[in-house]
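1. Prediction below, plus the sequence it came from.
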Amino acid sequence: MQANPRYAGKPLLRLLECYVLWAIDELPEKEASSLVSMTPKLQNLYKSDGQWQDIIAGTVDMDAEMPERLKVLWARNVEIAQQNGAALTPQQFAEMVVDDNFAG
């Protein structure tokens with residue numbers, strides 16, 4: 001994962017961002033592979049079964065429709081950014097979603 005002060009002491013924060021990136025089909029392959037490798041550790045840590053996405057979703061009580069809702073929200077936010085002459089990167093979107101909905 002990334003060495004960024006944003007995530008210091010907040011390991012779930014980056015995992016949530018990765019979940020958002022995965023849901024909008026923008027998760028880099030290198031991180032996707034790392035998360036697959038981490039799955040057994042995540043299963044043990046969160047006492048849960050399933051793939052890493054399932055574990056993260058379950059940890060914060062996301063429902064099964066969340067990936068589709070995130071895709072719709074991503075498309076809408078990209079369109080809004082373009083209308084305002086701005087660019088929105090997938091990482092910016094992921095951080096925005098996590099900060100607005102999951103950061104406490």
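-> Everything's here; your move. The shown structure was predicted, so the numbers you read here are calculated from the model rather than taken from an experiment.

2. Can you give me the neighbour number for Trp22?
-> Burial measure for Trp22: 20 neighbouring residues, criterion other Cβ atoms under 10 Å. Just so you know, the C-beta spots here come from the backbone N, C-alpha and C atoms, and that holds for glycine as well.

3. doesn't Asp54 make contact with it?
-> No - using Cβ atoms under 8 Å, Trp22 makes no contact with Asp54, being 11.3 Å away.

4. all helices of the protein, in order?
-> Per DSSP state H, the chain carries helices over the ranges 11-23, 29-46, 52-59, 66-83, 90-101.

5. okay, those helices, which one's buried deepest?
-> Of all those, helix 11-23 carries the top mean neighbour count, a mean of 21, counting by mean count of other Cβ atoms under 10 Å.

6. Report the inter-axis angle for that helix versus helix 29-46.
-> Computed by axes from the mean of the first three to the mean of the last three Cα atoms, to 10 degrees, the angle separating helix 11-23 from helix 29-46 equals 130 degrees.

7. related to what we said a few turns ago, closest to Pro5 out of the helices of the chain?
-> helix 11-23 (11.3 Å; Cβ to Cβ).

8. Quick one: distance of the closest one to the chain centre.
-> Relative to the centre of its chain, helix 11-23 is centred 2 Å away, using Cα atoms, centre = their mean, to the nearest Å.
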